[in-house]
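[1] my questions concern the predicted model and sequence given below.
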Number of protein chains: 2
Amino acid sequence: MNYQTVPFAEDLLRARTAKGWSQRELSAKANVPQAQISRIERGVVDLRLSTFLELARLLDLEVALVPRSAITAVTTIIREAGANAHLRTVRGAVNTLNQLVRVLSADRAKESIAQRLATLAFEIEHLAPTNPTHAWQTELAEIVASLQSEVEAGADPSRVTELTDYLTKFRNQLAHRRPDAERPAYTLDDED
Amino acid sequence: MNYQTVPFAEDLLRARTAKGWSQRELSAKANVPQAQISRIERGVVDLRLSTFLELARLLDLEVALVPRSAITAVTTIIREAGANAHLRTVRGAVNTLNQLVRVLSADRAKESIAQRLATLAFEIEHLAPTNPTHAWQTELAEIVASLQSEVEAGADPSRVTELTDYLTKFRNQLAHRRPDAERPAYTLDDED
DNA sequence: TAGTTCGATATATAATTCGATATCACCCCC
DNA sequence: GGGGGTGATATCGAATTATATATCGAACTA
């Protein structure tokens, strides 16, 4: 309705997709119908403040009234926080992966899977920054966490292979969904 | 209606009174009826986002969606910006006043008024911090600016006296409206 | 191919805000 | 005492949202 609200609607949409939530997922958490979320994100309704606050809260965002004299400083902080969060997630995941590679390399029987994981870690690290606004951070963190707990529990080969396959698929999706179209130099074993 | 909105209603109220605006004044600027402003500030309505944004904008506030990871940094900035704005105004006004005192002291005929202004500057400087949230900053700045331009224009004695009387009245109001009740040590020539 | 998920869309109803207006109490000042 | 300014309140109709429900097409998947 009101053009002033559109940027905030876009912020909510960005935050939701960054979490990897569907409209129905957010709908259930917020007690707001999915249809209403759809309209809010498209900026066709002038939603009430309480709805705005509730959605923001669920998306780990806080609404702040910033004095005009402080907005430059605040926007700088927000921008850096977003960038850092993105880089922190990727860096943490890659570090964990490399750590697992070292552990697995110690066992000759798991050397090949360790090599696969090392390659994946490298590729994901260099592929990630091209997709800064999207959902995959949590998914990446979850996969790596599963892998880590599996390795710590003894690293059942079939399970580790399964998770590595999953991580490969994830890497392919990451490459495939790149917003700007150019592909990386190395080939991808696409499955679609 | 919704308890979440109450803090923001209070922020708007604070910002409005800090500007020295009445509800009707803000109402006229925002194209929102005074009754609605009253309901908003009392937190009895769940106002629409567009209304919230418009009011905030008019009060020199920007609405920002802050990632939870950044809120401590942002609140620090906001708090310091508010405190600095307050202190800047007072310090600037006091400095200007003392500067005017020096100019006026050079003229023997204006020595007594210079002495009055010096006392006022001292009192306002030490009275101001007890009233951090209220309207008078702009009023103080306006009075001092008038005084300055008058002095620069030649300092017509009757006009300077008039403005000094106004400043005295302002100082008394400032003392009178102190939120915590204790009065300063020096006596006040109250007029009520 | 059939089934699922996702987002967009279309209703209809109930609840609530919004805007306009008027009134009241309070305070300060002439 | 009267007059002006301020804020709170009430009432009324109009506008808009919230809600529930159902549906639709597109994309993906088994």
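    That came in fine, so what should we check first? Note that the coordinates shown come from a computational prediction; the quantities given were computed from them, not determined experimentally. Residues are numbered from 1 along each chain as shown, chains lettered A, B, ... in the order given.

[2] who touches the closest residue to A:Pro33 other than its chain neighbours in this structure?
    Spatial nearest neighbour of A:Pro33, excluding adjacent residues (C-beta to C-beta, 6 or more residues apart in numbering or on different chains): A:Ser27 at 6.0 Å. Placement of C-beta: from N, CA and C, glycine included. Residues in contact with A:Ser27 (C-beta atoms under 8 Å, 6 or more residues apart in numbering or on different chains) are A:33-34, A:36-37.

[3] most neighbours out of the residues you listed, which is it?
    A:Ile37 (23 neighbours; other C-beta atoms under 10 Å in any protein chain shown).

[4] in a helix, that's where that one is, yeah?
    Yes: with DSSP: H, G, I helix; E, B strand; the rest coil as the criterion, A:Ile37 is assigned to a helix.

[5] quick one: neighbours of the nearest residue to it once chain neighbours are set aside, just the number.
    In space, and not counting its chain neighbours, A:Ile37 is closest to A:Gln23: 4.6 Å by C-beta to C-beta, 6+ apart. Here the count is done by other C-beta under 10 Å, and A:Gln23 has 19 residues near it.

[6] these two touch, right, A:Gln23 and A:Pro33?
    No: judged on C-beta atoms under 8 Å, A:Gln23 makes no contact with A:Pro33 at a distance of 9.5 Å.

[7] quick check: residues of chain A near DNA strand D?
    Taking C-beta under 7 Å from any atom of the strand, the part of chain A that reaches DNA strand D is made up of A:1, A:31-36, A:40, A:45-48, A:51, A:192.

[8] tell me which two of the residues you listed sit farthest apart.
    A:Arg48 and A:Asp192 (42.1 Å; C-beta to C-beta).

[9] let me see the backbone angles for the closest residue to A:Arg48 other than its chain neighbours.
    Counting by C-beta to C-beta, 6+ apart, B:Asp46 is the residue found nearest to A:Arg48 once chain neighbours are left out, at 4.7 Å. With angles defined as degrees, to the nearest 10, B:Asp46 sits at phi -100, psi 80.

[10] one more: A:Arg42?
    Residue torsions, per degrees, to the nearest 10, at A:Arg42 are phi -80, psi 0.

[11] from DNA strand C, how far off is it?
    5 Å (C-beta to the nearest atom of the strand, to the nearest Å).

[12] same deal with A:Glu10?
    In terms of C-beta to the nearest atom of the strand, A:Glu10 sits 12 Å off from DNA strand C.

[13] spit out the contact partners of that residue.
    A:41, A:43.

[14] please apply the same query to A:Glu62.
    A:56, B:65-68, B:71, B:74.

[15] repeat the analysis, applying 7 Å as the threshold.
    Taking C-beta atoms under 7 Å, 6 or more residues apart in numbering or on different chains, we find A:Glu62 in contact with A:56, B:66, B:68, B:71.

[16] and if you look at A:Val144?
    A:Val144 neighbours (C-beta under 7 Å, 6+ apart): A:93, A:96-97.

[17] what's the closest of these to DNA strand C?
    A:Ala93 (22.6 Å; C-beta to the nearest atom of the strand).

[18] could you look up the SS state of that closest one?
    When classified by three-state DSSP, A:Ala93 comes out as helix.

[19] roughly how far does A:Ile37 sit from B:Glu25?
    37 Å (C-beta to C-beta, to the nearest Å).

[20] what subset of the contacts of A:Glu62 is buried?
    A:56, B:66, B:71 (16 or more other C-beta atoms under 10 Å in any protein chain shown).

[21] right, I'll leave it there.
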